[in-house]
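> return atomic coordinates for the entry below.
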Amino acid sequence: MRAVLTLARHTVLDAMRERAFLTLGVFAFLTFAASQVVTPLALGEERRVTLDLGLGMLSLFGFLLVLFLGTRMVQKEIDRKTILLLLAKPLHRSELVVGKYVGLAAVLLISVTGMLAALALVLLSSGHSFGWSLGVAGYYAVLELWVIAALTMLLTAFSSPVLATFFLVGIYIAGHLASSLIDAAEMLPSALGAMLLKGLFLVIPRLDLYSYTLEVVHGAAIRPAELLWATAYALLYAGGAILASLLIFRRREFS
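You can find the predicted model right below:
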């Protein structure tokens with residue numbers, strides 16, 4: 001456990017050296033600038049538009065962080081040959097993978113918290129209120145990014161950072177459209193095509209579970225059952241992806 005936590009801490013420090021947290025300042029500036037531009041066009045819906053823009057950019061910036069940091073974490077160690085030094089120590093490969101993932105998950109948690117605070121400040125500066133639902137939206141965003149981060153570890157275990165990036169973009173889009181796959185399968189005349197779509201539905205992550213923008217905008221009540229299901233799904237899916245990456249990583253040769 002100590003090795004995992006040490007690797008996680010170094011991953012966070014490495015993200016700071018990469019100036020990953022500059023995205024928080026960029027996010028705050030773009031959110032404030034966008035809210036000021038669209039306010040005259042919002043026709044009384046300034047709060048709704050600001051929340052839509054802010055939460056949409058929060059999701060996008062978080063995903064870009066995963067692409068920028070997650071797809072390069074292990075590859076950087078391979079390119080620098082430092083992975084040979086790490087594995088030469090009494091360090092299991094499983095500890096390396098888990099430590100890197102925990103560090104990336106911590107970076108994403110810090111980043112989402114910072115972006116959520118920036119969005120709240122933008123709302124307050126514009127004279128708008130926000131409630132607990134905004135915090136829930138941030139929690140959903142963290143869960144979604146943790147699932148994507150786990151998939152990043154799996155993809156980088158057997159492919160290059162470039163291929164992993166392409167795969168992740170496709171998975172991100174498909175994951176948000178996951179619920180539509182079942183509807184499309186029902187309309188297909190081909191039984192084989194319908195079976196393939198249903199199989200794809202079972203494999204890709206259900207990122208549509210974490211789209212909470214409308215609820216935040218309209219101040220809907222928090223439903224504990226849905227919150228519990230979203231949490232359980234994220235933990236199970238991310239855990240499965242990390243386990244698969246461990247199995248692949250154990251057989252990978254480094255030179």
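
> can you give me the helices in this protein?
Assigned by DSSP state H, the chain shows helices spanning 2-17, 22-38, 46-65, 73-79, 82-88, 93-125, 132-156, 161-176, 178-187, 191-203, 213-218, 224-250.

> worst mean pLDDT among those helices?
Within those, confidence is poorest for helix 82-88, with a mean of 62 (mean pLDDT).

> mind listing what the residue lying closest to T11 once chain neighbours are set aside touches?
Nearest residue to T11, sequence neighbours excluded (CB to CB, 6 or more residues apart in numbering): G103, at 2.5 Å. No exception for glycine: its C-beta is placed from N, CA and C like everyone else's. Counting by CB atoms under 8 Å, 6 or more residues apart in numbering, G103 touches L7, A8, R9, H10, T11, V12, D14, A15.

> how about 10 Å then?
4-15, 69, 73, 149 (CB atoms under 10 Å, 6 or more residues apart in numbering).

> same check on V169?
Residues near V169 by CB under 10 Å, 6+ apart: F63, L67.

> same question, L151
66, 70, 164, 167-168, 171-172, 175, 204-205, 237-238, 241-242, 244-245.

> counting neighbours, which of those comes out on top?
Greatest neighbour count in the contacts of L151, by other CB atoms under 10 Å, goes to G70: 27 neighbours.

> would you agree it is in contact with T156?
Yes - G70 is in contact with T156 according to CB atoms under 10 Å; the separation is 7.3 Å.

> so what sits against both of those two?
Overlap of the contact sets of G70 and T156 (by CB under 10 Å, 6+ apart) consists of K100, A164, T165, L168.

> reformat these as CSV; add distance to A225.
Below are the shared contacts of G70 and T156 laid out as CSV (distance: CB to CB, whole Å):
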residue, distance to A225
K100, 33
A164, 34
T165, 35
L168, 30
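
> pick out the residue nearest the middle of the protein.
With distances taken as CA atoms, centre = their mean, L145 lies nearest the centre of the chain, 1.6 Å away.

> show me the contacts for that one.
Counting by CB under 10 Å, 6+ apart, L145 makes contact with 58-59, 62-63, 65-66, 70, 104-105, 107-109, 111-112, 152, 207, 210, 234.

> among the residues you listed, which ones are buried?
58-59, 62-63, 65-66, 70, 104-105, 107-108, 111-112, 152, 207, 210, 234 (16 or more other CB atoms under 10 Å).

> top of the contacts of G103 by neighbour count?
Tallying neighbours with other CB under 10 Å puts A149 at the head of the contacts of G103, with 27 neighbours.

> and the closest residue to it other than its chain neighbours, how far from F61?
Nearest non-adjacent residue to A149, counting by CB to CB, 6+ apart: L104, 5.0 Å away. According to CB to CB, to the nearest Å, L104 and F61 sit 15 Å apart.

> same question for S211.
Distance, S211 to F61, using CB to CB: 16 Å.

> looking at the two, which one has more neighbours?
F61 (19 against 16).

> next up, the contacts around the more buried one.
T23, L24, V26, F27, L30, T31, S111, V112, M115, A141.

> quick check: the residue nearest to the third one when sequence neighbours are not counted vs L236, distance?
Yep, that's V26 we're talking about. Using CB to CB, 6+ apart and skipping the chain neighbours, the partner closest in space to V26 is F61 (7.7 Å). Noted for F61: a distance of 26 Å to L236, by CB to CB.

> wait, which of the shared contacts of G70 and T156 is closest to R48?
Of all these, L168 has the smallest distance to R48: 30.1 Å, by CB to CB.

> confidence score at the residue lying farthest from the centre of the chain?
When distances to the mean C-alpha position of the chain are computed (CA atoms, centre = their mean), the maximum falls on P189, with 35.2 Å. We have a pLDDT of 72 for P189.
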